[in-house]
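Student: starting from these lines, generate the structure:
(2 chains)
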Amino acid sequence: AQSVSQHNHHVILSEAASLELGCNYSYGGTVNLFWYVQYPGQHLQLLLKYFSGDPLVKGIKGFEAEFIKSKFSFNLRKPSVQWSDTAEYFCAVKRGSYIPTFGRGTSLIVHP
Amino acid sequence: DGGITQSPKYLFRKEGQNVTLSCEQNLNHDAMYWYRQDPGQGLRLIYYSQIVNDFQKGDIAEGYSVSREKKESFPLTVTSAQKNPTAFYLCASSDPGETQYFGPGTRLLVL
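Tutor: Predicted structure coming up:
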C-alpha cells in the first residue's frame, strides 16, 4: 500500500524565515503529487500539484515544490514566510487510478 | 457559487444512536469522498464513490455507511457500531484533473 510521510509534524518560524516541509512517499512508479493547505477556520484547499514536466512547480501565495523522483520526495518551500501562512499543510500522492493517500499533516505557526 | 456544503457544522450523538452527515456538491463532479480528520493523524479515507449508485470502502469504513443515489449528494451515516466517532469529518469531490475540493467539515461529538 502507498504511504506518505511528512516528517515535520509541528514547525514554528518567525516571519521572513525560509520554509521547507518534507514529503516522502513509498511507491516508485508514476505518481501525481499534491500539497493542500488548511488555514484556520477555512476549507482545505489546493496549494499546488505536480503531474509531469518541470519538476519544480509553483503554487499560490509564493509556495513552490520540487519533485525529486530518485528520492521519492515532493518537498514544499517558501523563501520568506508570513504570519498569514500559519496553517496545516498536507501532502497527498495519487498512483494511477487509486484514491489519493494523504500524509499526517504539518502544523506551521509563524510568529509575527 | 460552486462548492461543497456540509451540514450540520456540529453534531452531537448519544450512545447507541445513528447519525447522518450531509454532503452536497454543485460542481458536477463524479467522484466524492469522506475523510475523518483526527489530530496528528491527517486525513483517513472512510468511503468514496466514483459514480452514482456505486461506492467503495476506504481504510476505516467499519462503523460507517454511505449512499450515492444522486450525483450531488453523498451522505455519511455514523452507526452505533463506530465506537470512537468523535472527530472532524470532511467531504470532498474531485474534478477530472484529480484536484480535490473540500467542504467546511462537520465536527461530531459524543454525549
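Student: low-confidence ranges in chain B?
Tutor: B:1-2 (pLDDT under 70).
Student: who in it is up against chain A?
Tutor: Contact residues, chain B versus chain A (Cβ under 8 Å from any Cβ of the partner chain): B:4, B:33, B:35, B:40-45, B:48, B:58, B:90, B:92, B:98-100, B:102-105. For glycine as for every other residue, the C-beta is placed from the backbone atoms N, C-alpha and C.
Student: among those, which ones are in strands?
Tutor: Secondary structure from DSSP state E places B:4, B:33, B:35, B:42, B:43, B:44, B:45, B:48, B:90, B:92, B:100, B:102 of those in strands.
Student: need those in TSV (columns: distance to residue A:53).
Tutor: Shown next, in TSV, are those (distance: Cβ to Cβ, whole Å):
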residue	distance to residue A:53
B:4	29
B:33	27
B:35	29
B:42	28
B:43	27
B:44	31
B:45	28
B:48	28
B:90	30
B:92	25
B:100	21
B:102	26
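Student: count the neighbours of residue B:34 for me.
Tutor: 26 (other Cβ atoms under 10 Å in any protein chain shown).
Student: mind checking how far the spatially most central residue of chain B is from residue B:108?
Tutor: Of all residues in chain B, the one closest to the mean position by Cα atoms, centre = their mean is residue B:34, 3.2 Å from it. Going from residue B:34 to residue B:108 by Cβ to Cβ, to the nearest Å gives 12 Å.
Student: what do these two both touch?
Tutor: Taking Cβ atoms under 8 Å, 6 or more residues apart in numbering or on different chains as the criterion, residue B:34 and residue B:108 both touch residue B:89.
Student: nice, that's everything, thank you.
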